[in-house]
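> missing the sequence, but the structure's below:
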């Protein structure tokens with residue numbers, strides 16, 4: 001019986017289970033509503049709101065010690081000074097609502113602010129204008145009932161989107177990314193005008209951002225953020241900023257970790273960060289800067305992915321919204337607050353007009369003389385004055401109250417004799433004009449709100465331009481940029497491959513992200529991940545790093561079928577595979593045997609000599625086979641019969657040439673990358689030794705190879721094409737010192753690749769304007785404006801002889817801002833460039 005009573009109590013609402021249920025819900029609600037999640041009305045968490053309210057109470061235009069602000073805020077916030085101090089520093093570092101003085105730390109480096117007693121703060125002019133108005137604020141008692149505090153501040157700006165917010169509550173979290181000040185105001189005015197708008201994050205730390213999957217900041221969306229990395233020279237690169245939420249210390253630690261893990265190879269990292277972020281990375285000898293930049297994005301915090309999650313308090317409940325909805329709510333609140341302010345002002349103007357009119361009548365009609373008459377009591381005096389106003393009440397906008405009359409009687413006597421009636425009349429006219437204007441603004445509230453936003457932009461928009469560049473990011477395959485940080489070994493007889501077989505045969509260097517392809521004498525093929533030790537099958541004849549979707553590497557193979565004894569020849573590619581699955585390259589019969597296998601990176605087709613068994617009945621026991629006579633098929637094909645007689649051996653007789661067309665290369669102007677995926681502009685068909693010519697606007701040319709990992713600054717590229725050493729290059733460049741355009745024609749005589757050669761005159765401001773590799777380029781030059789426009793055509797082949805690449809060139813025309821130049825192209829309207 002006692003046990004039953006105890007169990008009933010434990011599971012009842014008043015028992016432990018019930019108390020846990022109720023208390024937990026109370027706690028969860030408190031954390032969500034009072035600590036972690038901002039309110040949609042003003043974009044502030046309670047602690048932030050209380051700090052700003054305390055600062056407004058203290059505001060006298062001068063800076064206050066942060067320690068004093070914390071103490072003032074503790075009258076409203078039921079938590080310790082540490083949480084208030086952290087929130088205050090966080091607000092100050094956003095550089096919007098609070099002006100700071102002293103060492104407030106640095107979000108880029110992770111340096112903390114100085115102690116509260118050493119730093120100072122005050123409300124910014126912007127905060128005073130957009131966040132405070134006692135007349136439109138709803139108030140509530142503070143936690144101890146001693147003070148009044150705002151329920152929400154009357155915020156007339158999308159603060160939540162400008163500052164961003166982050167918080168973790170019970171069962172939910174919020175992460176709102178900061179947006180650009182000017183773009184928020186422009187979007188607000190567009191919304192009020194009924195036009196479409198777009199908003200994307202902007203970070204004070206700069207960097208670049210890919211917003212392809214931003215999804216308006218909703219759950220499930222994400223953005224990719226990258227640091228800006230530049231190549232200083234062939235031996236070092238420099239990082240110019242850090243991704244949002246990452247400090248320079250974290251970034252350097254991630255680079256060192258990637259180096260220690262063998263993902264990248266560097267000599268050292270130097271942090272030169274001061275007013276601007278500058279982290280220099282010195283590369284190990286022989287390491288490509290382009291590949292290292294890609295590897296930094298792939299393996300370090302130079303690129304981070306951020307998943308936004310817009311959660312705010314709406315009507316005392318958490319709600320998941322999108323960034324456009326937040327902005328619309330903010331704009332609507334701002335419009336309504338402005339309307340409320342106008343209504344309050346209109347009421348005040350009416351009151352002022354009413355009393356000024358009373359005052360004018362009181363003195364102009366000499367009603368004040370009732371004060372000089374002898375009445376039985378003060379009440380009789382007030383009644384007499386009220387009666388004297390009866391003929392004029394129809395001109396007033398409300399009834400005359402006793403308080404109005406008492407206020408009139410309190411006017412100084414000297415005022416009675418020195419009153420300027422004309423001044424009162426002018427005041428009334430001024431008030432009526434103000435009333436008319438306020439009524440107009442109320443009737444055109446949207447226009448008024450737009451003008452308010454435009455005023456904010458004009459007053460506070462300076463130096464608040466976008467700092468984070470929006471651009472598409474290319475997808476970096478980690479294993480394509482990972483350096484070879486391990487070695488693969490093979491025990492051919494036992495059939496094992498791996499990084500741990502250091503006593504066996506070394507095959508190649510590879511990264512731990514690579515896949516390895518292996519083929520056995522029995523014709524079995526497997527693709528496996530790099531591991532310490534993996535069994536493939538006995539008698540391994542080929543091991544190499546596997547490149548997925550490689551359609552150029554061709555396998556030439558001759559094998560004997562174990563069932564029929566017939567020998568077959570085949571050529572095939574290995575593209576898509578399932579890792580760790582065993583594939584049969586023969587007919588799959590037991591005792592099948594591979595006699596010959598060659599791997600050809602460009603589809604080469606060699607000539608082999610096939611020697612048959614001396615005991616066979618074949619008339620010719622030796623003959624040649626040309627692989628070029630065989631088509632390339634899939635790996636699962638059985639191949640063509642080469643002989644029915646047993647083969648003794650197959651020997652290479654003559655190395656083959658490629659049977660494939662040249663590889664087509666494209667240049668993707670969006671990402672500044674070479675590719676074989678048909679993205680961008682086709683550069684042409686390339687054989688193994690072909691090179692690419694790159695000419696840039698800074699006046700350099702460079703001959704490069706076909707490596708796809710190279711990066712290019714698209715904004716600086718004037719020409720990129722397949723290199724032909726016989727072509728003549730025609731270039732026009734600006735000589736800033738002499739204020740003239742020079743023209744030169746030259747052939748490239750250098751043979752060194754990946755070296756830049758300056759072919760224009762060296763000097764500050766000199767830059768390439770036009771370049772062409774056409775045989776007879778025709779240049780159209782236009783100068784002047786309006787009716788004074790003049791055009792001239794230049795056949796540069798007749799004007800300028802071919803000269804050395806170092807030559808300065810000949811003068812073409814004088815420099816003028818009105819000059820436009822372009823090549824004339826047959827069948828096309830040349831696009832003109834102004835420079």
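Perfect, I can see it now. Computed from a prediction, not measured in an experiment: that's the story for all the values here.

> And residue 4, what's its pLDDT?
pLDDT for residue 4: 55.

> nope, residue 722 is what I meant
If you check residue 722, the pLDDT there is 94.

> That one reaches residue 681, doesn't it?
No: the pair residue 722 and residue 681 fails to qualify as a contact (C-beta atoms under 8 Å) at a distance of 11.5 Å. To be clear about C-beta, it is placed using only N, CA and C from the backbone, and glycine gets the same treatment.

> Give me the more crowded residue out of the two.
Applying other C-beta atoms under 10 Å to residue 722 and residue 681 shows that residue 722 carries more neighbours, namely 17 against 11.

> Phi and psi next, for that one.
Dihedral pair for residue 722: phi -60, psi 130, per degrees, to the nearest 10.

> Spit out the contact partners of the spatially closest residue to it that is not a sequence neighbour.
Computed as C-beta to C-beta, 6 or more residues apart in numbering, the closest residue to residue 722 that is not its neighbour in sequence is residue 684, at 4.2 Å. Counting by C-beta atoms under 8 Å, 6 or more residues apart in numbering, residue 684 touches 662, 664-665, 721-722.

> again with residue 360
Neighbours of residue 360 in contact, by C-beta under 8 Å, 6+ apart: 421, 424-425, 428.

> Adding distance to residue 240, neighbour count and pLDDT as columns, could you present these in a markdown table?
Output for the contacts of residue 360, formatted as a markdown table (distance: C-beta to C-beta, whole Å; neighbours: other C-beta atoms under 10 Å; pLDDT from 0 to 100):
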| residue | distance to residue 240 | neighbour count | pLDDT |
| --- | --- | --- | --- |
| 421 | 71 | 11 | 75 |
| 424 | 66 | 18 | 80 |
| 425 | 66 | 14 | 82 |
| 428 | 63 | 16 | 86 |
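
> Helices of the stretch 301-450 of the chain, residue ranges please.
Counting by DSSP state H, counting those that start in this stretch, the stretch 301-450 of the chain has helices at residues 323-364, 378-388, 402-409, 413-418, 421-443, 445-460.

> Surely residue 243 and residue 228 touch.
No: judged on C-beta under 8 Å, residue 243 makes no contact with residue 228 at a distance of 9.9 Å.

> And these two? Which one has more around it.
Using other C-beta under 10 Å as the criterion, residue 243 and residue 228 rank with residue 243 on top: 25 against 16.

> hang on, the more buried one in a strand?
No: judged by DSSP: H, G, I helix; E, B strand; the rest coil, residue 243 forms no part of a strand; its state is coil.

> and residue 602, how many neighbours?
Applying other C-beta under 10 Å, we find 16 residues neighbouring residue 602.

> any idea which element it lies in?
Residue 602 belongs to no helix or strand when assigned by DSSP states H and E.

> so what's it up against?
For residue 602, the contact set (C-beta under 8 Å, 6+ apart) comprises 552, 554, 658, 660, 688.

> What about the third one, how many residues nearby?
The number of residues packed near residue 658 is 18, by other C-beta under 10 Å.

> Likewise for the fourth one?
For residue 660, the tally of surrounding residues (other C-beta under 10 Å) stands at 16.

> quick one: it is in a helix?
No: read with three-state DSSP, residue 660 is coil and lies in no helix.

> In TSV, list the helices of the stretch 301-450 of the chain along with distance to residue 490.
Formatted as TSV, these follow (distance: least, C-beta to C-beta, whole Å):
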stretch	distance to residue 490
helix 323-364	55
helix 378-388	114
helix 402-409	104
helix 413-418	110
helix 421-443	84
helix 445-460	68
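
> ok, the nearest residue to residue 91 once chain neighbours are set aside to residue 606 distance?
Computed as C-beta to C-beta, 6+ apart, the closest residue to residue 91 that is not its neighbour in sequence is residue 98, at 5.3 Å. Between residue 98 and residue 606 the distance is 76 Å, computed by C-beta to C-beta, to the nearest Å.

> ok, residues contacting stretch 204-217?
Contacts to stretch 204-217, defined as C-beta under 8 Å, 6+ apart, come from residues 94-95, 107-108, 176-178, 200-201, 203, 221-228, 240-244, 277, 308-310, 322-324, 326, 467-473.
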